[in-house]
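Participant: sequence? don't have it. structure:
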């Protein structure tokens, strides 16, 4: 295992903390002030909890046994977020197409996925995982800026494709991470494996950042399927 330098930790923390921070700011700006505070508090607790679980070895991969806990943590987080997104007040807040930008700006911090490339260079992750996962995240992060700006103006062009491709990037990364991991289910026999994904600091990405990114994509796609309404200039935008 690699003892990651401070700048790798910093990149991970920027993504893990910054993504929910931008999400909370977006919720606040679309009028969900109480919801923004509750989300920020609850998600902060989850980040700390996941870090403690990782430190205790809960997500650690073993060569002779399959351990589902990192998947359980990520799946549970996605389910909780989608349940929250179904609250009527939350759905109503994004009826204005300009407010959809609040769901897209946080994805810009996906550029910190470059940490996978750093981990690969340090010998902690295989290229078969790090290259598609890292480069894909950087591309999505850059694309999020342009899509969010258009959504702020009420222009939905390209937004659906952006979210579909963003989801595909996450699914691909998770699948490669699983297939190249230690354990009986390992299919991609690469060296090193993706065992470092189950350790700090990288473990915080699949358990906290990825679930939130997935929920933002799914919520955006659900709203983009509905007819747009005329933007209300009185409503603050991101």
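Facilitator: Received it, and whenever you're ready, just let me know what you need. None of the values given here were measured: they were computed from a predicted structure.
Participant: Please enumerate residues in contact with the helix or strand of the chain with the lowest mean pLDDT?
Facilitator: Least confident helix or strand, the chain: helix 88-93 with a mean of 86, by mean pLDDT, DSSP states H and E. The contact list for helix 88-93, computed with C-beta atoms under 8 Å, 6 or more residues apart in numbering, reads 27, 30-32, 35, 84-85, 99, 223. Every C-beta, even on glycine, is put in place using the N, C-alpha and C of the backbone.
Participant: Report the buried residues of that helix.
Facilitator: 90, 93 (16 or more other C-beta atoms under 10 Å).
Participant: list the helices and strands the next helix or strand along the chain from it packs on?
Facilitator: Going down the chain from helix 88-93, the next helix or strand is helix 101-104, by DSSP states H and E. With contacts taken as 3 or more C-beta pairs under 8 Å, 6 or more residues apart in numbering; DSSP states H and E, helix 101-104 sits against helix 6-29, helix 127-152, helix 210-224.
Participant: what inclination does the shortest one have with respect to helix 6-29?
Facilitator: Think helix 210-224. Here the directions of helix 210-224 and helix 6-29 differ by 30 degrees (axes from the mean of the first three to the mean of the last three C-alpha atoms, to 10 degrees).
Participant: what is the orientation angle of helix 210-224 with helix 127-152?
Facilitator: 40 degrees.
Participant: Burial check on the nearest residue to residue 134 once chain neighbours are set aside, number of neighbours?
Facilitator: Distances taken as C-beta to C-beta, 6 or more residues apart in numbering place residue 116 nearest to residue 134, at 3.6 Å, with adjacent residues excluded. When counting by other C-beta atoms under 10 Å, one arrives at 31 neighbours for residue 116.
Participant: same question, residue 87
Facilitator: 12.
Participant: Give the closest residue to it in space, chain neighbours not counted.
Facilitator: Here the residue nearest residue 87, using C-beta to C-beta, 6+ apart, is residue 35, at 7.9 Å.
Participant: got it, and residue 20?
Facilitator: residue 43 (4.5 Å).
Participant: So what's the residue count around that neighbour?
Facilitator: Using other C-beta under 10 Å, residue 43 is surrounded by 23 other residues.
Participant: For the host helix or strand of it, list every residue counted as buried.
Facilitator: Residue 43 is located in helix 33-55, with elements delineated by DSSP H and E. Residues 35-36, 39-40, 43, 46-47, 50-51, 53-54 are the ones in helix 33-55 that count as buried (16+ other C-beta under 10 Å).
Participant: for stretch 153-171, same thing?
Facilitator: 154, 159, 162-163, 165-167, 169-170.
Participant: circling back to that earlier point, out of the helices and strands packed on helix 101-104, flag the one nearest residue 95.
Facilitator: Taking C-beta to C-beta, helix 210-224 is the member of those nearest to residue 95, at 8.1 Å.
Participant: Who are the packing partners of the closest one?
Facilitator: helix 6-29, helix 69-85, helix 101-104, helix 159-179.
Participant: What mean pLDDT does that helix get?
Facilitator: Averaged over helix 210-224, pLDDT sits at 95.
Participant: to the chain's geometric centre, what's the distance from it?
Facilitator: Its chain's average C-alpha position is 10 Å from that of helix 210-224, according to C-alpha atoms, centre = their mean, to the nearest Å.
Participant: Would you mind getting the angle between that helix and helix 33-55?
Facilitator: 150 degrees.
Participant: Could I get the buried residue list for helix 210-224?
Facilitator: Here helix 210-224 shows 210-221, 223-224 as buried, counting by 16+ other C-beta under 10 Å.
Participant: likewise stretch 144-154?
Facilitator: For stretch 144-154, the neighbour count (16+ other C-beta under 10 Å) marks 144, 147-148, 150-152, 154 as buried.
Participant: leaving aside the residues next to it on the chain, what's closest to residue 180?
Facilitator: residue 188 (4.1 Å).
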